[in-house]
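Participant: here is the input, now give the coordinates:
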Amino acid sequence: MPVPVQPASRSRIDVPTDSRDIAGDFAHLHRIEVRFADTDAMGHVNNASYLTYAEIARVAYYEAVSGEPLPLATHGAEEGMILAQIAISYRSPAFFGETLAVETRVDRIGRTSFSMVHRLTAPESRYGPSRLIAVADSVLVTYDYGSDRAIDVPAELAVAIESFEGRALRG
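Facilitator: Model prediction:
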């Protein structure tokens, strides 16, 4: 696994203060354009679409950290990671045509899992001022597809994440 280069600058998209926001900055930023298909009958982004936004950002984070594509069992990978848990708190609606910023960081690396948080914001647009859209907290488990069980987080992945984040996360 190539050693990632820590981002030149950490991200913290500026939006009005919200006591329900996630504090701190983020090692990764990924922008997502809201498609019409992401919206529901009420005209705003459907709640299920946020899971997809977090997934897109999670994969982009992994690829930035590892320098490699996400390992998939369907493409012959024997080991990878699976989403074990995710919780999303919705703060403000997003709408078709907006480009959301999804900031991501890993907060903890355990023996077989690591926790990741996402912060979704929208810029000022015809829908109003910049705002916090949602926050998400997830747990990813490193997994052996052949034996169908969790495995230890590979040391090189843990080192790469800590290097990317610029701080120790294990223990």
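
Participant: neighbours around R31, how many?
Facilitator: When neighbours are counted by other C-beta atoms under 10 Å, R31 registers 12. Where C-beta positions appear, they are placed from N, C-alpha and C, glycine not excepted.

Participant: what is the helix or strand encompassing it packed up against?
Facilitator: R31 is part of strand 28-33 when elements are defined by DSSP states H and E. Using 3 or more C-beta pairs under 8 Å, 6 or more residues apart in numbering; DSSP states H and E as the contact definition, the elements that strand 28-33 packs against are helix 49-66, strand 99-109.

Participant: gap between it and the chain center?
Facilitator: Computed by C-alpha atoms, centre = their mean, to the nearest Å, the chain-centroid distance of strand 28-33 equals 9 Å.

Participant: output that strand as PDB, nothing but the C-alphas.
Facilitator: Only the C-alpha atoms of strand 28-33 are listed here, as PDB (Å, rounded to 0.1, in the frame of the first residue of the first chain):
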ATOM      1  CA  HIS A  28     -10.900  14.700   3.400                       C
ATOM      2  CA  LEU A  29     -13.400  16.700   1.300                       C
ATOM      3  CA  HIS A  30     -15.600  15.300  -1.500                       C
ATOM      4  CA  ARG A  31     -18.200  17.300  -3.400                       C
ATOM      5  CA  ILE A  32     -21.400  15.700  -4.600                       C
ATOM      6  CA  GLU A  33     -23.900  17.300  -7.000                       C
END
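
Participant: quick one: strands adjacent to that strand?
Facilitator: The strands that strand 28-33 pairs with in its sheet are strand 99-109 (antiparallel) (by DSSP bridges).

Participant: residue contacts, E79?
Facilitator: E79 makes contacts with P71, T142, Y143, D144, Y145, I151, P154, as judged by C-beta atoms under 8 Å, 6 or more residues apart in numbering.

Participant: greatest separation within these: which pair is it?
Facilitator: Across these, the longest distance by C-beta to C-beta is 14.3 Å; it joins Y145 and P154.
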